[in-house]
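*Asks:* what follows is a protein structure lacking sequence information:
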């Protein structure tokens, strides 16, 4: 009996030791405290992580206040840890420090001489005046550019660039090239390299050999950055490492102290209702190489070999690189009810660039989040980017104000074997994408084979490229096995739908409306893009351009039972070579399709679907598209933050400023 009692007592003690611990953190705490009671809290995130891991897991409770992270924190183990506010307090975790010092004025320029110059990291691309992002001074300002006249390149990668006559002030900008960089905008790529020499309207830079796909040819746009002479616009700064010159209404300057907040491995971590602010982005000495979707750029929260990870109800504002990257061997992750705003690059990246089955990331849910104002340092970044991934769900997000794509999935070009499968993109609102900055982009962009995947019930609008390729739903090279259904896409300056290359895609019951170049396009006739079906869609235009562009007559594709609507009486341009009967004879397609002329369809009509009468619906079997569940729900407390949308009228007034050419080939 004594032995039994001892065993029971031992089991009770063991169970008690396994009970989740609580750790408390307060701004007036002390890291020498025990940290296990509200009356004796710790003071820093780093100490709290060490303590909760020592205790074998539990909950870290933050009392109200701002907590600073000056260097990456490693979070590991499998005990299960939750980070949350204590009693719903307002908690900010910051990767920046206030720069104190002597403040003076020179005209409209504030000049701050820091007490601690070490806060000014070499190559830092951003500072903040309170909540206002400051960017390195650049010229020209806003959406103006210098333009390349010609470029030569030697075997070492040195590029000599001659600018056109618009660059009359280049000499004043480049009196000194110390720390000066050039930003180059080429189709879907963005490059930022150091300027090493300059003379007249010519400068020399270094870097990778220029790609034949994104050449620096005549007309390529550039900006000159990080020179005192360019400091002339609100929101700009320049620093020589000793002082900061800046133009802003606020004078409290925050300097990022770290690019990475957390490196996470292990399992069982939750972050709930916390506000993360500020992380840095330091330009490497060699600069930013051109990369589609800014693919290899890191994140402030980097996750590898981790399972059971949750971010819920958090906000992430004023970040330099991407916010989070679930990279190698990550499983069972949920990002929900969060706000991502003012981002140097993108919000969430998923999967590894390399195709390695042993390190495959799977089971990631990105749902009910607001992602806005991204690509501020590298405009080639997407809001959500997925590389090699299985079982990915992207649902009910509001994604806006980006310069490349809203959602980008897949990382294999053509019909090579991939690991991608079970990708669900549904009920998202995606708008204000491209904004005349980048090319070859989409509200939703895909690559490669994606077995058993779907794009459904998304609302996509206001997609504006610079010269070519502003598409709503863009199936690029090898995109295959997608079910694309019940989406509404309108106001794109190329078209609502583009199939560059792919097979076994089913495009049913969508509305593609008011594309400026055309409504739908086939980009490649390769003999491999087979078994695609496009039926029961409503396709709307104003009669000024072809409804169908590309290789429709040659492509083996089931195109039928669609409605083509035009607000013009002359609807010949729906089909490039004649009316519907001529088109049927040529292509053997659209046998059961319908053409409706003299029907003007405004944006509100598109969303309400009020222009589609019951007779038309019955003729082609079209079903009403339910938008009630599209976008973020009331569960997201940041829902009121979705307020940046420009009116379409304003948005499209700027179209003539750009070089948009609907005849450009996007391949």
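*Replies:* Looks like it arrived, so ask away. Note that the structure is predicted; figures quoted are calculated from it, not measured.
*Asks:* and the residue minimising distance to the centre of the chain, what does it touch?
*Replies:* For the chain, the residue nearest the mean C-alpha position is residue 383 (1.7 Å; CA atoms, centre = their mean). Neighbouring residues of residue 383 by CB atoms under 8 Å, 6 or more residues apart in numbering: 340, 346, 347, 348, 371, 374, 399, 402, 405, 406, 407, 430. C-betas here are computed from N, CA, C, even on glycine.
*Asks:* if we go to 10 Å?
*Replies:* 340, 343, 345-348, 366, 369, 371-372, 374-375, 394, 397-402, 404-408, 428, 430, 433, 443 (CB atoms under 10 Å, 6 or more residues apart in numbering).
*Asks:* restricted to strands, list those.
*Replies:* Counting by DSSP state E, the part of these found in strands is 340, 343, 348, 366, 371-372, 394, 398-402, 407-408, 430, 433, 443.
*Asks:* who's in contact with the nearest residue to residue 280 once chain neighbours are set aside?
*Replies:* Counting by CB to CB, 6 or more residues apart in numbering, residue 280 lies nearest to residue 256, which is 2.9 Å off, once chain neighbours are set aside. Counting by CB under 10 Å, 6+ apart, residue 256 touches 70, 94-97, 119, 121, 124-128, 278-282, 300, 318-320.
*Asks:* can you read off the pLDDT for residue 256?
*Replies:* Here the pLDDT value assigned to residue 256 is 97.
*Asks:* same question, residue 348
*Replies:* Reading off the model, residue 348 has pLDDT 98.
*Asks:* now do the buried residues in stretch 596-608.
*Replies:* 596, 601, 603, 605, 606, 607 (16 or more other CB atoms under 10 Å).
*Asks:* wait, residue 430 sits on residue 408?
*Replies:* No: counting by CB atoms under 10 Å, residue 408 is not a contact partner of residue 430; they are 11.5 Å apart.
*Asks:* between those two, what contacts are shared?
*Replies:* 383, 384, 442, 444.
*Asks:* out of those residues, what pair is the most spread apart?
*Replies:* Spanning the widest gap among the shared contacts of residue 430 and residue 408 are 384 and 442, at 12.6 Å by CB to CB.
*Asks:* overlap in contacts of those two?
*Replies:* In contact with both residue 384 and residue 442: 405, 406, 407, 408, 430, using CB under 10 Å, 6+ apart.
*Asks:* farthest-apart pair in the residues you listed, please.
*Replies:* Across the shared contacts of residue 384 and residue 442 (CB to CB), the longest gap, 11.5 Å, separates 408 and 430.
*Asks:* neighbour-wise, which of those two wins?
*Replies:* residue 430 (31 against 27; other CB atoms under 10 Å).
*Asks:* beta partners for the more buried one?
*Replies:* residue 399, residue 460 (DSSP bridges).
*Asks:* residues contacting it?
*Replies:* 371, 383-384, 397-400, 402, 405-407, 442-444, 458-463, 472-473, 487, 489, 631.
*Asks:* that one and residue 179, how far apart?
*Replies:* In this structure, residue 430 and residue 179 are 37 Å apart, going by CB to CB, to the nearest Å.
*Asks:* tally of neighbours for residue 353?
*Replies:* Residue 353: 14 neighbours (other CB under 10 Å).
*Asks:* likewise for residue 527?
*Replies:* With other CB under 10 Å as criterion, residue 527 counts 9.
*Asks:* quick check, it in contact with residue 556.
*Replies:* Yes: here residue 527 lies in contact with residue 556, judged by CB under 10 Å, at a distance of 8.3 Å.
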